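**Q** What would the 3D arrangement of this be:
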Amino acid sequence: ENINVSAIKVQNPIYVSLAAESDWDIAIPETISEQMLLRVTLKSDASRILGWIQPTVRVATPVYVAKRSLKANEELKVEDFTIAKMNLHALQAQAFRREQFPTGVHLKLPLVRGAALTTSVIERTPSVRLGETVTLILRSDSLRISTKGVVQSNAAVGDTVSVQLQRYNRTFRGRLAEGKLV
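**A** So this is what the prediction gives:
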C-alpha cells in the first residue's frame, strides 16, 4: 500500500501467448530503489526470461514533518511535528518514522514547514560545553579517585571527552555520564 509505480519503461516488447496471457511474473528484489531493472519471467518456468522493465518507484512512508518553520539550534518538540507520508527515495537522508522521534537533540540546520525530520538536520544537544567544570572519576580494581577538571570540548552524554586537570597539568579522556561525571 506504500509503494507507488509512477512510470514504467519497457526495454523491448514483451510477448506473451494469448492462451496464457496471465502466465507471467516479475522478479522483485528485496530492496526497493527508485530506479530498478526488473526481470519478467514465465510463471510456469521462472528461468525463461520474457523481457526487462524499468519502473520508477515511490515508497511512501509515514515520517515526522515540521508543522512550522524551525530555526537552527532550536530544541525539538514532538508537538512541532505531524506524521505525513513522504517518498523516502526523494529525502536523500534517513528520516525519522512514526514512533522514532529523537530525544536529546536540537536542529543544526533550519527546517522549513512541510520538510521531513532527517538525521542530516539534527545533532545531539551537549550536556557540557567547552570550559565547564566536571567531576572526573578515575578507578581501578581497588581504588577510586574523584576530582574536578575542565572539559576541553562540547559533549553530550555518552560522548568521549578530554578533561584537563590544571593543578597537575594532565589531560584524561573518558565517557561523559549523567550529572557531569566523566
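**Q** can you pull out the helices in this structure?
**A** Taking DSSP state H as the criterion, the chain carries its helices at 88-91.
**Q** Least confident secondary structure element in it?
**A** helix 88-91 (a mean of 64; mean pLDDT, DSSP states H and E).
**Q** Go ahead and confirm residue 23 touches residue 46.
**A** No - between residue 23 and residue 46 there is no contact under C-beta atoms under 8 Å: 11.2 Å. (C-beta placed from N, C-alpha, C; glycine too.)
**Q** In terms of neighbours, single out the busier of those two.
**A** residue 23 (14 against 11; other C-beta atoms under 10 Å).
**Q** since we're on the nearest residue to the more buried one once chain neighbours are set aside, how many residues are nearby?
**A** Ranked by C-beta to C-beta, 6 or more residues apart in numbering and with sequence neighbours excluded, the top spatial neighbour of residue 23 is residue 43, at 5.0 Å. The number of residues packed around residue 43, counting by other C-beta under 10 Å, is 11.
**Q** can you list the weak-confidence ranges in this structure?
**A** Residue ranges of the chain with pLDDT under 70: 1, 89-93.
**Q** List the contacts of the closest residue to residue 103 other than its chain neighbours.
**A** Among residues not flanking residue 103 along the chain, residue 76 sits closest, at 8.0 Å (C-beta to C-beta, 6+ apart). Shown in contact with residue 76 (C-beta atoms under 8 Å, 6 or more residues apart in numbering): 101, 102, 103, 105, 106, 107, 117, 122.
**Q** got a markdown table for those, with distance to residue 133 and neighbour count too?
**A** Converted to a markdown table, the contacts of residue 76 look like this (distance: C-beta to C-beta, whole Å; neighbours: other C-beta atoms under 10 Å):
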| residue | distance to residue 133 | neighbour count |
| --- | --- | --- |
| 101 | 32 | 15 |
| 102 | 28 | 14 |
| 103 | 26 | 8 |
| 105 | 25 | 17 |
| 106 | 23 | 17 |
| 107 | 28 | 18 |
| 117 | 34 | 26 |
| 122 | 28 | 18 |
